[in-house]
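>>> Sequence below, structure please.
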Amino acid sequence: MDMTTSNLDTLTSRFSDPQKLVPELGDVSTALFKIIGNGAVPRSTITLIHLRAGQLVENTYLTVMHTANARRAAVPEEKIAAVASWKDAPYFTEAERVALALVEAVLTPARQGERVPEGLYAWAAEHYDDRALATLAMAIGQVSFFVPLALIGKPLPGASMAEQWRTTRTD
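Residues are numbered from 1 along each chain as shown. Predicted coordinates:
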């Protein structure tokens with residue numbers, strides 16, 4: 001299926017706005033945003049790991065949304081474009097690299113051993129204090145919390161917040 005903006009009007013999500021279906025979701029969502037916005041980790045780093053998470057779960061909605069969020073957080077275009085290939089990209093700080101390594105470790109099954117081995121944790125601890133490490137863990141948890149809604153509910157990528165959970169066509 002060609003997913004151009006011009007045919008976005010013909011697409012529908014699988015169900016309507018989950019916050020209307022399950023109003024308690026608003027409280028959880030607000031709490032999660034408050035946690036990751038505590039200042040322990042730069043907003044730009046949070047958006048990079050959220051973008052990488054969307055790529056890892058192969059979800060266009062999350063990838064498009066977190067790309068836009070990264071732009072709003074003033075993440076340079078080079079970093080946004082290189083998130084999928086961050087390991088060999090020259091644009092990332094060591095702190096950003098370890099944050100991206102953490103999201104990959106958590107969201108990708110380990111070939112062998114632990115998903116987050118001691119060496120990765122030690123690398124992360126070189127760049128983040130305990131509060132920031134807990135915040136990074138919660139940022140990965142936040143995006144992971146919303147992954148099932150994105151995969152099952154299929155909100156419309158690139159649509160406005162009011163339109164992303166559209167269950168009827170506009171044509």
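>>> Could you tell me the model confidence score at the residue nearest the centre of the chain?
Nearest residue to the geometric centre of the chain (Cα atoms, centre = their mean): H50, 2.3 Å. Listed pLDDT for H50 reads 97.
>>> so what's it closest to, chain neighbours aside?
Leaving aside its chain neighbours, H50 sits nearest to H66 (4.3 Å; criterion: Cβ to Cβ, 6 or more residues apart in numbering). Where C-beta positions appear, they are placed from N, C-alpha and C, glycine not excepted.
>>> repeat for L100
Take L100 and drop its neighbours on the chain: the residue closest to it by Cβ to Cβ, 6+ apart is W86, 4.9 Å away.
>>> cool, and R14?
Leaving aside its sequence neighbours, R14 sits nearest to K154 (Cβ to Cβ, 6+ apart; 4.8 Å).
>>> Same question for N38.
Counting by Cβ to Cβ, 6+ apart, the residue nearest N38 is T135, at 5.9 Å.
>>> ok, the one you found to I152 distance?
Note on T135: its distance to I152, by Cβ to Cβ, to the nearest Å, is 27 Å.
>>> Which one's more surrounded, these two?
Between T135 and I152, T135 has the larger neighbour count (other Cβ atoms under 10 Å), namely 21 against 10.
>>> Mind listing residues that contact the helix or strand encompassing the more buried one?
If you go by DSSP states H and E, T135 is part of helix 130-148. Contacts to helix 130-148, defined as Cβ atoms under 8 Å, 6 or more residues apart in numbering, come from residues 28, 32-33, 35-36, 38, 40-41, 45-46, 49-50, 53-54, 57, 59, 62, 66, 99, 102-103, 106-107, 124-125, 128.
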